[in-house]
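A.B. asks: Build me a model:
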Amino acid sequence: MRFSFILPVRNGGEYIKECVASILAQTLQDFNLIILENCSTDGTAEWLQTLTDERIIIIPAEKPLSIEENWARILAVPKNEFMTMTGHDDLFDKNYLQVMSDLIDQYPDASLYQTHFEYVDKDGKFITNCLPMDEQQFSHEFLACFMCRTINSTGTGYLMRSKDYNENGGLSKEYPNLIFADYALWIDISLLSFKATSPYKTFKYRIHNSISKTTNGEEYQKAFEVFLNFLIQRKQNEKIKMVIERYGKEMLLYHCESLSHRILKTPVANRKIAVKEFIEKCKQYAETLIPGQHFQPLKIFRIKIAEIFDRSSFNRSFFKIYKKLSS
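C.D. replies: The predicted structure follows:
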């Protein structure tokens, strides 16, 4: 076999049944499906035991693991030459693997492969297409698109050589809830050569109460800090350094704004950081990531207003009322 689908799951509900069905329906059958079951309590483990397809390999966890720990198991499992990871709620069109195989034949020197994809809702209904992507994209170009928010990227659906995944250490457990871990991995693997992207849409990414949406502000901030340290290390690459110098300020301001509001919405009892502290951290990040550039986040209205609302419990209560009335 040439390909491996890898599916970590805990409590997959009905979604995992749809996901597995979409994988087994591939027109190109040269694959196995490795399921990393994580002590589910909703009947997922029992349902998996009813599957008889010989291409399916189920590896149960000995004890309940965090999401970081379960996905980290990908490193240790035997994999075929090429691998792709998926969340239990995502869907593959039946030609996904064939399109990927053709893409590998077209670009044998690429180190990362992808197709275009669709966003769907919790019921699998179409929401929108991903933004268009270049057929060939180098790592610094991918980073520039990320920083300028001109690319849609998810943690699943990419395909790479298993050897490259292992040698790069896979998805780092240092990122809380694996937030930003996928971006770091795609940057590193595309640094080996380049990313090739098919114009065909063969993948569906489901938008609902995902980890990225439900992660609280403090955990998100911690993950962002890990990612910034990663970028600082990658500045040794001259092209990446140039991209960071050009677009790093824009990225920092965007995330300073979005994470300030995410922290503000996180109950004080569930966080140890105030919005004001995070803004100060962003200033420190800027000094290291983009030294010498004029970085004044409090001049951005939405950042300033988040800091004001977070000054007292009364202000935070007023903010909640305002959000309810304006939603």
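A.B. asks: for this structure, which strand is longest?
C.D. replies: strand 195-206 (DSSP state E).
A.B. asks: State the mean pLDDT of it.
C.D. replies: Strand 195-206 shows a mean pLDDT of 98.
A.B. asks: That one: which residues count as buried?
C.D. replies: 195-198, 200, 202-206 (16 or more other Cβ atoms under 10 Å). From N, CA and C alone the C-beta is placed, and that goes for glycine too.
A.B. asks: possible to save the residues you listed as CSV with distance to Gln114?
C.D. replies: Shown next, in CSV, are those (distance: Cβ to Cβ, whole Å):
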residue, distance to Gln114
Lys195, 6
Ala196, 7
Thr197, 5
Ser198, 7
Tyr200, 11
Thr202, 10
Phe203, 9
Lys204, 14
Tyr205, 12
Arg206, 17
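A.B. asks: closest to Asp102 among these?
C.D. replies: Ser198 (7.6 Å; Cβ to Cβ).
A.B. asks: Mean pLDDT per helix and strand in this structure: which one sits at the bottom?
C.D. replies: helix 211-214 (a mean of 57; mean pLDDT, DSSP states H and E).
A.B. asks: Residues contacting the helix or strand just after it, please?
C.D. replies: Going down the chain from helix 211-214, the next helix or strand is helix 217-234, by DSSP states H and E. The contact list for helix 217-234 (Cβ atoms under 8 Å, 6 or more residues apart in numbering) reads 143, 172, 174-181, 183-184, 187-188, 191, 215, 240, 244, 248, 255, 259, 262-266, 270-273, 278, 281, 285, 288-289.
A.B. asks: redo that, cut-off 6 Å
C.D. replies: 174-176, 179-180, 184, 240, 255, 259, 262-263, 266, 271, 273, 278, 285, 288-289 (Cβ atoms under 6 Å, 6 or more residues apart in numbering).
A.B. asks: Out of these, which sit inside helices?
C.D. replies: 184, 240, 255, 259, 262-263, 278, 285, 288-289 (DSSP state H).
A.B. asks: ok, back up a step: for the longest strand of the chain, name the packing helices and strands.
C.D. replies: helix 96-106, strand 112-120 (3 or more Cβ pairs under 6 Å, 6 or more residues apart in numbering; DSSP states H and E).
A.B. asks: Could you dump the ones you listed into TSV and include mean neighbour count?
C.D. replies: Shown next, in TSV, are these (neighbours: other Cβ atoms under 10 Å):
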stretch	mean neighbour count
helix 96-106	19
strand 112-120	21
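A.B. asks: I'd like the ones you listed laid out as TSV, including mean pLDDT and distance to Tyr158.
C.D. replies: Shown next, in TSV, are the helices and strands packed on strand 195-206 (pLDDT from 0 to 100; distance: least, Cβ to Cβ, whole Å):
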stretch	mean pLDDT	distance to Tyr158
helix 96-106	99	10
strand 112-120	98	5
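A.B. asks: Between these, which one is closest to Ala72.
C.D. replies: Nearest to Ala72 among these is strand 112-120 (20.1 Å), distances taken as Cβ to Cβ.
A.B. asks: for the closest one, the distance to its chain's centre please.
C.D. replies: Centre-to-centre, strand 112-120 and its host chain are 13 Å apart (Cα atoms, centre = their mean, to the nearest Å).
A.B. asks: before we move on, the earlier item: pull the most distant pair out of the buried residues of strand 195-206.
C.D. replies: The span of the buried residues of strand 195-206, defined through Cβ to Cβ, is set by Ala196 and Arg206 at 24.8 Å.
A.B. asks: Out of the ones in helices among the contacts of helix 217-234, give me the one that has the most neighbours.
C.D. replies: In terms of neighbours by other Cβ atoms under 10 Å, those top out with Phe278 at 27 neighbours.
A.B. asks: Contacts only, for that one.
C.D. replies: 221, 263.
A.B. asks: again, only using 8 Å
C.D. replies: Neighbours of Phe278 in contact, by Cβ under 8 Å, 6+ apart: 221, 256, 259-260, 263.
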